[in-house]
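Student: How does the following fold in three dimensions:
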Amino acid sequence: MNTSPAPMEGTPLIKPSTTDHPLYDAVVEACRSVHDPEIPVNIYDLGLVYTIEIDDNGVVDIVMSLTAPGCPVAGEMPGWIEDAVMAVPGVQTVSVNLVWEPQWGMDMMSDEARLELGFM
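Tutor: Alright, predicted model coming up:
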């Protein structure tokens, strides 16, 4: 008899962001200032930023991925995001967590990114 708990139905693969926080839009814009050097689109519109969590003290936790594990800037891009978001007034600290699940796919791109890359 299997006694392991059943997976929770409806649990999102990507944790929702803190979209109602007053700093959220500024943090998103800071993320949009960072570009993947191999693709002429910012990392936010590429869909590489999965979750932006912001607490009441201005602590920002970002979960992101890359287009591929072998991305040549894998070691640098989280620092670029951290630097960009730290420049937002009201942000106290930033941590960027690089994840590979769920795997990034082209369906995660915004319509703007698809248009810019000629996929629309």
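Student: hey, let's count contacts and neighbours off CA atoms from now on
Tutor: Fine.
Student: nearest spatial neighbour of the residue nearest the centre of the chain, skipping sequence neighbours?
Tutor: What sits nearest the mean C-alpha location of the chain, by CA atoms, centre = their mean, is residue 49, with 1.2 Å. Nearest residue to residue 49, sequence neighbours excluded (CA to CA, 6 or more residues apart in numbering): residue 64, at 4.3 Å.
Student: ok, residue 114 touching residue 120?
Tutor: Yes. With contact defined as CA atoms under 8 Å, residue 114 counts as touching residue 120 (5.8 Å).
Student: Residue 51 and residue 72, how far apart?
Tutor: Separation of residue 51 from residue 72 (CA to CA, to the nearest Å) stands at 23 Å.
Student: Of these two, which one has the most company?
Tutor: Neighbours per residue, other CA atoms under 10 Å: of residue 51 and residue 72, the larger number sits with residue 51, 18 against 12.
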